[in-house]
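Novice: mind folding the following:
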Amino acid sequence: MPTTRRLIEFVIASFVIILVPGPSVLFTVARAVAWGRTVAVVTVLGNALGMLTLATLIAFGFGPLLQHSVLLYDGVQWAGGAYLIWLGVDAIRHREVHAADMLDQGPTAPGLRQTLREGFVVGILNPKAVVFFAAVFPQFVNRSAGHVSLQLLLFGVIFAAIAILSDGTWGVVAGTIREWLAADPMRLVRMRTTGGGVMMLLGIAIIVTAKLP
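Specialist: Residues are numbered from 1 along each chain as shown. Take a look at the predicted model:
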């Protein structure tokens with residue numbers, strides 16, 4: 001298994017990469033502003049499950065494929081960006097209905113299963129996580145101890161746990177701001193529009209930074 005020193009170094013590196021606002025953080029904040037803390041926290045859990053799944057795939061051989069296939073890596077970026085754009089467009093199109101649902105807790109509000117699923121998709125298609133898992137995880141492996149795949153999997157579990165703590169904090173804070181603004185329905189409409197815009201811009205940024213095949 002990894003040495004204690006390498007585990008500490010990995011934890012520090014994970015905190016740094018997670019605290020830098022990326023797709024997961026901005027997506028969580030947008031959801032929190034639109035729907036509140038519960039949806040934000042469930043989104044974070046789904047996102048962490050997605051990242052853990054991604055870490056598992058990389059641990060058992062997907063990482064080398066991503067490192068050596070530009071087309072595959074860019075495909076992950078395009079898919080993740082397109083998904084965020086679609087979610088943003090949907091948020092803006094239905095902003096007034098969503099605003100009313102946030103006040104009335106109506107039936108069209110996203111269910112926990114849907115929220116978990118959407119968070120999972122964003123997590124598993126997060127290009128920053130792909131790069132970190134595929135390129136950085138192996139640097140902390142203790143090759144002399146063997147069981148490299150299990151070491152990589154352990155890193156994935158640690159990374160997901162840190163992400164839940166960090167992104168969850170972002171979501172709770174943003175959700176609290178949402179409750180403060182909820183007294184005015186038009187503020188909720190503007191927040192929903194802003195949240196959708198953030199997701200769209202984030203998706204566009206991901207696609208723009210991806211190299212054309």
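Novice: list phi and psi for residue 3.
Specialist: phi -70, psi 160 (degrees, to the nearest 10).
Novice: which element is the one residue sitting closest to the centre of the chain on?
Specialist: The centroid of the chain falls nearest to residue 24 when counting by C-alpha atoms, centre = their mean (2.6 Å). For residue 24, the element it lies in under DSSP states H and E is helix 23-35.
Novice: cool, residue 38 as well?
Specialist: Residue 38 belongs to helix 37-57, assigned by DSSP H and E.
Novice: got the CA positions of that helix in CSV?
Specialist: C-alpha atoms of helix 37-57 as CSV (Å, rounded to 0.1, in the frame of the first residue of the first chain):
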residue,chain,number,x,y,z
ARG,A,37,-29.2,23.0,-0.1
THR,A,38,-30.9,19.6,-0.3
VAL,A,39,-30.5,19.4,-4.1
ALA,A,40,-27.0,20.7,-3.8
VAL,A,41,-26.0,18.1,-1.3
VAL,A,42,-27.5,15.3,-3.3
THR,A,43,-25.8,16.7,-6.4
VAL,A,44,-22.5,16.5,-4.6
LEU,A,45,-23.1,12.9,-3.6
GLY,A,46,-24.0,12.0,-7.2
ASN,A,47,-20.9,13.8,-8.4
ALA,A,48,-18.7,12.0,-5.9
LEU,A,49,-20.1,8.7,-7.0
GLY,A,50,-19.3,9.6,-10.6
MET,A,51,-15.8,10.6,-9.7
LEU,A,52,-15.4,7.3,-7.8
THR,A,53,-16.6,5.4,-10.7
LEU,A,54,-14.2,7.2,-13.0
ALA,A,55,-11.3,6.5,-10.5
THR,A,56,-12.3,2.8,-10.5
LEU,A,57,-12.1,2.7,-14.3
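Novice: buried set for it?
Specialist: Under the neighbour-count criterion of 16 or more other C-beta atoms under 10 Å, helix 37-57 has 37, 39-52, 54-57 buried. Bear in mind the C-beta positions are built from the backbone N, C-alpha and C, glycine included.
Novice: equivalent analysis for stretch 141-153, please.
Specialist: In stretch 141-153, counting by 16+ other C-beta under 10 Å, buried: 141, 151-153.
Novice: and which of the residues you listed is nearest residue 17?
Specialist: residue 152 (15.9 Å; C-beta to C-beta).
Novice: can you redo the buried residues of stretch 141-153 as TSV with distance to residue 119?
Specialist: Output for the buried residues of stretch 141-153, formatted as TSV (distance: C-beta to C-beta, whole Å):
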residue	distance to residue 119
141	28
151	26
152	23
153	21
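Novice: out of these, name the ones that lie in strands.
Specialist: The members of the buried residues of stretch 141-153 all map outside strands under DSSP state E.
Novice: contacting residues for residue 121?
Specialist: 50, 83 (C-beta atoms under 8 Å, 6 or more residues apart in numbering).
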